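Visitor: Predicted model and sequence below, questions to follow.
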Amino acid sequence: MRRRLAALALAIALPACASTGDGPRSGGVRPYPLGDCLVTRTKLGSMGDPIVKVYGDREIRFCCPPCVDEFERNPAKFLKLLPE
């Protein structure tokens with residue numbers, strides 16, 4: 001359990017520590033370009049701290065755990081909504 005909590009804390013902290021800007025972050029991960037949830041279009045932060053996940057080379061931010069589940073059922077549907 002401690003190991004899982006430590007990994008979760010690291011996953012949340014790393015994006016905050018990464019450089020900002022339009023280019024890829026270290027490791028080739030492109031930052032999330034929107035201020036709202038990709039699934040519901042809810043303003044990020046309005047439901048607590050956003051949930052940050054990386055899919056391929058894209059960082060995705062969600063407003064809540066159910067949005068992560070919805071995204072993971074059909075990622076292609078939502079990834080095509082992201083600007084290039």
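Guide: Noted; the coordinates are in hand. Numbers count the residues shown, from 1 in each chain.
Visitor: hey, let's count contacts and neighbours off CA atoms from now on
Guide: Will do.
Visitor: What are the buried residues along stretch 65-80?
Guide: By neighbour count with 16 or more other CA atoms under 10 Å, stretch 65-80 contains the buried residues Cys67, Val68, Phe71.
Visitor: what packs against whatever helix or strand the last one lives in?
Guide: I take that to be Phe71. Using DSSP states H and E, Phe71 falls within helix 65-73. Helices and strands touching helix 65-73, by 3 or more CA pairs under 8 Å, 6 or more residues apart in numbering; DSSP states H and E: there are none.
Visitor: hmm, who's touching the helix or strand following it?
Guide: With elements assigned by DSSP H and E, the helix or strand that comes after helix 65-73 is helix 75-79. With contact meaning CA atoms under 8 Å, 6 or more residues apart in numbering, helix 75-79 is reached by Leu38, Val39, Phe71.
Visitor: Strands of this protein, start to end?
Guide: Using DSSP state E, the strands of the chain run over residues 51-55, 58-62.
Visitor: so which of the ones you listed gets nearest Lys80?
Guide: Of all the strands of the chain, strand 58-62 sits nearest to Lys80, with 11.8 Å by CA to CA.
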